[in-house]
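Q: no letters, just coordinates:
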């Protein structure tokens with residue numbers, strides 16, 4: 001029978017990791033993990049519930065970065081004023097993840113670590129230049145959020161590593177937005193999602209970051225869309241949508257869903273860009 005552990009500090013967690021020479025699973029909010037692992041855990045595995053460790057909870061500005069603990073829930077994230085101000089795309093993503101009950105349990109660390117192509121927060125975090133601080137009993141390292149995935153539902157955490165917190169740089173005059181399309185409103189798993197951040201420089205955008213999800217990766221950047229968004233002229237929006245259409249064709253060639261996704265990502269791009277322009281003060285489309 002699998003064993004359940006509930007450490008209450010990082011010291012206790014590290015001692016536990018050093019003692020348990022077996023298959024280990026970290027349990028955060030459980031909304032993804034329970035569904036994915038039901039009936040699949042070996043009898044000698046150790047399930048480690050990290051929800052009681054205080055170090056994993058905080059949303060605060062530390063120097064020039066916004067610090068978000070990996071156990072912070074979607075509900076706390078989308079209602080936090082600092083996140084709304086400096087990381088609006090993340091607040092957007094958290095606000096549309098599942099039902100209210102799911103948002104009250106689902107954590108940002110679990111959503112990124114699960115590495116689902118349809119996850120909502122990775123592309124929002126990537127657009128905001130976010131890094132994940134990954135730790136183990138041997139130390140810490142940083143990974144860009146867009147580098148966390150190693151395939152469908154597979155992350156780059158190794159050897160007892162866990163996500164401790166996320167860092168988002170504070171950038172004045174930058175704005176961001178996130179939108180998704182699902183089979184139902186509000187509670188659906190994304191069929192497409194998109195996040196944009198950019199600096200508003202007069203009447204043009206600059207230093208844009210554009211990331212799409214569900215196209216074979218939780219957060220796939222689109223350099224052509226970023227360049228088109230930063231170009232002047234009345235055809236900027238059309239060039240932006242065309243770049244997104246080309247990204248879909250590049251990422252999922254030959255798929256039966258490609259015609260739908262090409263049309264959908266153009267519409268999604270237009271909607272996400274409209275929110276970005278509104279937040280930047282309008283007059284940019």
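A: That came in fine, so what should we check first? Quantities reported herein were computed from a predicted structural model and do not represent experimental measurements.
Q: which strand runs longest in this structure?
A: strand 190-201 (DSSP state E).
Q: list the contacts of the residue lying closest to residue 27 once chain neighbours are set aside.
A: Spatial nearest neighbour of residue 27, excluding adjacent residues (Cβ to Cβ, 6 or more residues apart in numbering): residue 49 at 4.6 Å. All C-beta spots, glycine's among them, are computed from the backbone N, C-alpha and C. Contact partners of residue 49, counting by Cβ atoms under 8 Å, 6 or more residues apart in numbering, are 4, 5, 6, 27.
Q: among those residues, name the buried ones.
A: 5, 27 (16 or more other Cβ atoms under 10 Å).
Q: if we can go back for a sec, tell me what the longest strand of the chain is packed against?
A: helix 88-95, helix 121-127, strand 174-182, strand 204-213, helix 258-279 (3 or more Cβ pairs under 8 Å, 6 or more residues apart in numbering; DSSP states H and E).
Q: pull out the buried positions in it.
A: Buried, per 16+ other Cβ under 10 Å, within strand 190-201: 190, 191, 192, 193, 194, 195, 196, 197, 198, 199, 200.
Q: show me what contacts the closest residue to the third one other than its chain neighbours?
A: The reference is to residue 192. Excluding the flanking residues, the one nearest residue 192 by Cβ to Cβ, 6+ apart is residue 181, at 4.6 Å. Neighbour list for residue 181: 190, 191, 192, 193, 264, 267, 268 [criterion: Cβ under 8 Å, 6+ apart].
Q: and of the residues you listed, the nearest to residue 87?
A: Proximity of those to residue 87 (Cβ to Cβ) peaks at residue 193, which lies at 15.6 Å.
Q: what's near enough to touch the residue lying closest to residue 281 once chain neighbours are set aside?
A: Among residues not flanking residue 281 along the chain, residue 200 sits closest, at 6.8 Å (Cβ to Cβ, 6+ apart). By Cβ under 8 Å, 6+ apart, the contact list for residue 200 reads 173, 174, 175, 206, 280, 281, 284.
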